[in-house]
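Student: Below is the sequence, then the predicted model.
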Amino acid sequence: MIRNSKARTAMQCIIFIVIFAVLLVLVSYMVRTNGDVKDRFSGFYAEKNDTLDIVIIGSSPVFPYYSAPKLWGETGIAMYPLSSNVQRPIAMKYLVREAEKSQSPELYIFEMRMFTMEDAGLSENMAYTRGVTDNMKYSPLRYETIRAMVPEDDEEGRLTFYIDLMKYHTNWKMLALPSEWANMFYHKAHPLKGYAFKDEVGPLPMPDSGGADGTVEIPEEQEGYLRDLLEFLGEEEQDALFIVSPYGESLRDQQMYNYMEEIVNSYGYPFLNMNNYYEETGIIFEEDFADYGSHTNAVGAEKCTDFLREYLLENYAFTDKRGDAAYASWDESYVRWQNEMEVARQTISDRIANEEYAVIEEE
C-alpha cells in the first residue's frame, strides 16, 4: 500500500512537471516581443511540411527585397524567407538545420551583406542574436544555437536565452492580444509568406563601385563562419546560391564581395552579386529605395524579385506547383500582394512627385 502511494505521488509529480514545462513553453511563445520577425518565423513553422522549394536566409536585405507571393504567382515556386534584422552570419548553418526539420527545399539562398561586418561589434548587441534564438521553437538545436552565439563566459546571460521568459516576463500584456494567442504554438500563417512591404522613398545617387575589380579580405571570424557553412552544405549535399542584394555599397564592400565570391566558387557554389547588374535589374537608386540605399521599397523589390526570378528559371528546374490544392494559401497570398502592391506603387509614385522623402530617426 505504501509502495503504491509512493508510486502514485511520483507519477503525480512527473505529470505536474510535464504540464508546467508545456505551459512554460506556450506562455514563452506568446510573450516574446511581437513584430515582423516573430510573425515571419511563426509563419515559417506554419507552412506545410515539405512544401517549400526555396528557403532564403539572411538579414534585413531579405524580406523587403524579395516578394515570395510575386515569385509564386509568376512561377509556381514556393520560397520563404527565414530572416531577421542584422542577422549574424554564424546563425545561418543553424537555421538550415532548423529548416530541415520540416522542409526539404531544393535550394537554399544566402544573402551575404552581413559577412562584411565584424562579428565582435554584432555580438555586443544581444538583440542581433535574439532575433534568431528568440524566434526559434524550443528544441535541443535551439540550445545548441544559443551556445554557439552567446559567449562562453556569459553563462548567466545564456540562461535568459535558454529560458526567454526570464527576459520577457514583463510582457504579460501580450496575453490580451488575439494575435499572440494565435502564436501559442508558434504556428501562425503569414499572409504574405514572410514578405514585408515598404512604401517609403529615400533617394541616393547610384554607387560607382558596382562591378569594380579587386579583393579585400572579410573579417577573419566571418570567413571562418562562411567556410564552415560551405563545408556543412557540402557534407549535407545541399544546393545553395549566395547572393548580394543591390544597395548603396562602398568600393571596400564590393571588393569584399569579390573576395567572398572566390571562396564560394572554390567550394563549387554560385555567387550572384546584384551590384554588378544595376542596368539589368533596372534599379533606380533615386526612386527604388526606402531608406537612402539600405533597403528597397516595394517598387525596388519588384525589380529585385524579377531579376532573381529570371536567374532561378535560367539556372534551376523547379516544378510549377500553381493549381495544386496543397498551395491554396500561396494563391491567396499572391492576390493579397497584388492588391497591396497597387496601393504601394501609387503611394511611392506620389511621394516621388511630391519629394516626400523618408525621415530616418537617429538612434
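Tutor: Great, that's in hand. Numbers count the residues shown, from 1 in each chain.
Student: phi, psi of the residue nearest to Ser83 when sequence neighbours are not counted?
Tutor: Leaving out its chain neighbours, the residue that sits closest to Ser83 by C-beta to C-beta, 6 or more residues apart in numbering is Val62, at 3.9 Å. No exception for glycine: its C-beta is placed from N, CA and C like everyone else's. Taking degrees, to the nearest 10, you get phi -90, psi -60 for the backbone angles of Val62.
Student: wait, what's in contact with Val62?
Tutor: Counting by C-beta atoms under 8 Å, 6 or more residues apart in numbering, Val62 makes contact with Ile56, Pro81, Ser83, Glu111, Ser245.
Student: Nearest to Gln12, out of these: which one, please.
Tutor: Nearest to Gln12 out of the contacts of Val62 is Ser83 (C-beta to C-beta; 44.4 Å).
Student: For the closest one, the count of nearby residues, please.
Tutor: Using other C-beta atoms under 10 Å, the number of residues around Ser83 comes to 30.
Student: hey, where'd the strands end up in this structure?
Tutor: In the chain, strands defined by DSSP state E lie at 54-58, 79-83, 107-111, 240-244, 271-273, listed in chain order.
Student: closest one to Glu200 among these?
Tutor: Across the strands of the chain, Glu200 has its closest neighbour in strand 79-83 (19.5 Å, C-beta to C-beta).
Student: Report the residue spans of this protein with pLDDT below the cut-off.
Tutor: Along the chain, segments meeting pLDDT under 70 span 1-4, 6, 10, 16-27, 154-156, 169, 172, 176, 181, 361-363.
Student: Nearest residue to the middle of it?
Tutor: Ser83 (0.9 Å; C-alpha atoms, centre = their mean).
Student: I figured it was touching Ile57, is that so?
Tutor: Yes - here Ser83 lies in contact with Ile57, judged by C-beta atoms under 8 Å, at a distance of 6.3 Å.
Student: which residues do the two both contact?
Tutor: Overlap of the contact sets of Ser83 and Ile57 (by C-beta under 8 Å, 6+ apart) consists of Glu111.
Student: now the residue nearest to Ser83: how far from Glu220?
Tutor: Using C-beta to C-beta, to the nearest Å, Val62 is found at 25 Å from Glu220.
Student: For the residue nearest to the centre of the chain, give the beta-bridge partners.
Tutor: Gly58 (DSSP bridges).
Student: ok, the residue nearest to Ser83 to Thr129 distance?
Tutor: With distances taken as C-beta to C-beta, Val62 is found 17 Å from Thr129.
Student: In TSV, list the strands of the chain along with distance to Gly194.
Tutor: As requested, the strands of the chain are arranged in TSV below (distance: least, C-beta to C-beta, whole Å):
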stretch	distance to Gly194
strand 54-58	9
strand 79-83	4
strand 107-111	13
strand 240-244	16
strand 271-273	20
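Student: quick one, which of the ones you listed is nearest to Ser349?
Tutor: Of the strands of the chain, nearest to Ser349 by C-beta to C-beta is strand 79-83, at 26.1 Å.
Student: Which other helices and strands does that closest one contact?
Tutor: In terms of contacts (3 or more C-beta pairs under 8 Å, 6 or more residues apart in numbering; DSSP states H and E), strand 79-83 is packed against helix 36-46, strand 54-58, helix 68-75, helix 92-99.
Student: got the CA positions of the longest one in CSV?
Tutor: So that's helix 36-46. C-alpha atoms of helix 36-46 as CSV (Å, rounded to 0.1, in the frame of the first residue of the first chain):
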residue,chain,number,x,y,z
ASP,A,36,7.6,41.3,-38.2
VAL,A,37,10.4,38.9,-37.2
LYS,A,38,8.2,36.9,-34.9
ASP,A,39,5.4,36.7,-37.4
ARG,A,40,7.9,35.6,-40.1
PHE,A,41,9.3,32.8,-38.1
SER,A,42,5.9,31.7,-36.8
GLY,A,43,4.7,31.8,-40.4
PHE,A,44,7.6,29.5,-41.4
TYR,A,45,6.6,26.9,-38.9
ALA,A,46,3.1,27.1,-40.1
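Student: just how off-centre is that helix within its chain?
Tutor: Relative to its chain's centre, helix 36-46 lies at 9 Å (C-alpha atoms, centre = their mean, to the nearest Å).
Student: Could you do stretch 224-234 as well?
Tutor: Distance of stretch 224-234 from its chain centroid, counting by C-alpha atoms, centre = their mean, is 18 Å.
Student: got a list of what Tyr316 touches?
Tutor: With C-beta under 8 Å, 6+ apart, Tyr316 has these contacts: Glu106, Leu107.
Student: Pull up the gap between it and Tyr334, please.
Tutor: In terms of C-beta to C-beta, Tyr316 sits 20 Å off from Tyr334.
Student: What separation is there between the nearest residue to Arg142 once chain neighbours are set aside and Met126?
Tutor: Nearest non-adjacent residue to Arg142, counting by C-beta to C-beta, 6+ apart: Met136, 4.4 Å away. Separation of Met136 from Met126 (C-beta to C-beta): 15 Å.
Student: for Gln222, same thing?
Tutor: Distance, Gln222 to Met126, using C-beta to C-beta: 19 Å.
Student: more neighbours, those two?
Tutor: Between Gln222 and Met126, counted using other C-beta under 10 Å, the more crowded position is Gln222 (23 against 18).
Student: Roughly how far does Val31 sit from Glu98?
Tutor: Applying C-beta to C-beta to Val31 and Glu98 gives a distance of 21 Å.
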